[in-house]
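Visitor: need coordinates for the below:
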Amino acid sequence: MAWEIVVGVETHAQLRTRSKMFSGASTAFGAAPNTQACAVDIALPGVLPVVNSAAVAHALRFGLAVGAAINRRSVFARKNYFYPDLPKGYQISQYEIPIVAGGALKIVLPTGEKTVRLTRAHLEEDAGKSLHEDFQGMTGIDLNRAGTPLLEIVTEPDLRGAKEAVAYARTLHALLRWIGVCDGNMQEGSFRCDANVSVRKAGDDQLGTRCEIKNLNSFLFMEQAIEFEARRQIEVLEGGGRIAQETRLYDADRGETRSMRSKEDAHDYRYFPDPDLLPLVISDEMLAQARASLPELPEARRGKLVASYGLSPVQADLLTQSIETSSYAIAAFEGAPQARWPDMANWICGPLSAKLNESNLDIGASRVAAAELRRLAQKVEDGTLSGKMVKEVLDAVWAGEGGVDEVIGKRGLQQISDAGAIGEIVDEVLANNAKQVEDYRGGKDKAFNSLVGQVMKATQGRANPAQVNEILKAKLLR
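Guide: Reported below is the predicted structural model:
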């Protein structure tokens, strides 16, 4: 029986603010437990929350970036539940009227682009953290995270399977970092996803019963968890059982999801407007400032890279994974030979990206400046270097041996483009490989590639490949 996997994603993105959502306590990561939880965060009697204006500005930037409707008047509500790391006994969130409504995000799949509809994005505060591993037989509570500003972003059930869900999560992660509202650090909990997974028979319009997998903090775990959960649900249904709506956790060590608790509905949380907070009213000035602060968005930048720089859609997508990478690429392209722009994109996405990953560096800290990449392209264009020499030069510049010109000089990497010199080497190779010459003239085309290889070996890869091919063919036809 054919089944369709349906996924909706809820993402908690920690907003880049110095203080918390409703207090002045610090949001810095890594402090000793309970040293960054003030009277407001732990709900001491008589304290009052005050909305963080920077968090509101970040929410507006996101809403504009995804083409959403901005609710000019939104309401904060109390979401009531009891858990040890929730000191108030409720979480301040938004429910009926969120600050951001609707919107969409385009994702790039092997089959092409897909638009994922967003339901909403709302502001809320984070809870604290329960520490189970550090105390034998006990659980510790760290309230440093309590009150940290979050933007919860919810999709419609538009995603079909684990790979689409991961593509969406990656695209959202890149956008949040691009517009500067979230640092995206998944190890520190700045970007966490919950996946709502259900299955249905192919062609069925009715959604199946969903299970929510909580707190997926890596793209790999997200894919594995969704795939396992979908298989589990299919096995239950094919065995004649029914799916229970519940919240589940993913156990990465065992590669499986397991039940955490029955899934709550909205009425279980007894939402009501927070009496300590006035409605949040967005002025024309706030909206204008948010709009003016947005950089060129990834979709527009991708279009520019394809239309103005002649890159393929795949290259453009890779270069727009971060605003820093795309800015580096455009800086390198400016003044470089136009014919080399696609090659330069491959160098950035290939050997340079590998070096950055090895050193755990962002492209802003690259040891190969954009100007040096441009110089490298110029050297390939004027015939000084062959394409095969590029990686060697890049590696040497990265290692600190100097700029492109200095490395070429020190290592004697100038490409041999003198027709006379290449001709002499070709004559020597033909004389020493009579059997391959005979094979080629007898119709065995592979022999030609072998002869080219011999010439390149004799010149240590420095001969101009186009000239080698041309001269070799001419001499073989005599």
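
Visitor: who does the strand or helix carrying residue 58 touch, helix- and strand-wise?
Guide: If you go by DSSP states H and E, residue 58 is part of helix 53-65. Secondary-structure packing of helix 53-65 (3 or more CB pairs under 8 Å, 6 or more residues apart in numbering; DSSP states H and E): strand 69-70, strand 100-101, strand 112-125, strand 149-155, helix 162-178, helix 284-293. For every residue, glycine as well, the C-beta is placed using N, CA and C.

Visitor: and that helix, what's buried?
Guide: Judged by neighbour count using 16 or more other CB atoms under 10 Å, the buried positions of helix 53-65 are 54, 55, 56, 57, 58, 59, 60, 61, 62, 63, 64, 65.

Visitor: residue 16 versus the residue nearest to the fourth one when sequence neighbours are not counted, what's the distance?
Guide: Leaving aside its chain neighbours, residue 57 sits nearest to residue 290 (5.8 Å; criterion: CB to CB, 6 or more residues apart in numbering). Taken as CB to CB, to the nearest Å, the spacing of residue 290 relative to residue 16 amounts to 14 Å.

Visitor: returning to what we had before: between the helix holding residue 58 and helix 162-178, how many degrees?
Guide: 130 degrees (axes from the mean of the first three to the mean of the last three CA atoms, to 10 degrees).

Visitor: thinking again about what came up before, can you redo the helices and strands packed on helix 53-65 as TSV with distance to residue 272, mean neighbour count and mean pLDDT?
Guide: Listed next are the helices and strands packed on helix 53-65 as TSV, based on distance: least, CB to CB, whole Å; neighbours: other CB atoms under 10 Å; pLDDT from 0 to 100:
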stretch	distance to residue 272	mean neighbour count	mean pLDDT
strand 69-70	24	15	98
strand 100-101	20	22	98
strand 112-125	15	19	96
strand 149-155	18	23	98
helix 162-178	30	22	96
helix 284-293	26	13	97
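
Visitor: ok, which of these comes nearest residue 307?
Guide: strand 112-125 (15.7 Å; CB to CB).

Visitor: isn't residue 174 up against residue 319?
Guide: No - applying CB atoms under 8 Å, one finds residue 174 not in contact with residue 319, separated by 11.3 Å.

Visitor: for residue 381, which of the helices and strands packed on helix 53-65 is the nearest?
Guide: helix 162-178 (31.4 Å).

Visitor: chain center to stretch 147-160: distance?
Guide: Relative to the chain's own centre, stretch 147-160 is displaced by 16 Å; criterion: CA atoms, centre = their mean, to the nearest Å.

Visitor: end-to-end on that stretch?
Guide: End-to-end distance of stretch 147-160 (CA to CA, to the nearest Å): 34 Å.

Visitor: the nearest residue to residue 78 once chain neighbours are set aside pairs with what?
Guide: Ranked by CB to CB, 6+ apart and with sequence neighbours excluded, the top spatial neighbour of residue 78 is residue 90, at 4.3 Å. On the basis of DSSP bridges, residue 90 is bridged to residue 80.

Visitor: residues contacting residue 90?
Guide: Applying CB atoms under 8 Å, 6 or more residues apart in numbering to residue 90 gives the contacts 78, 79, 80, 81.
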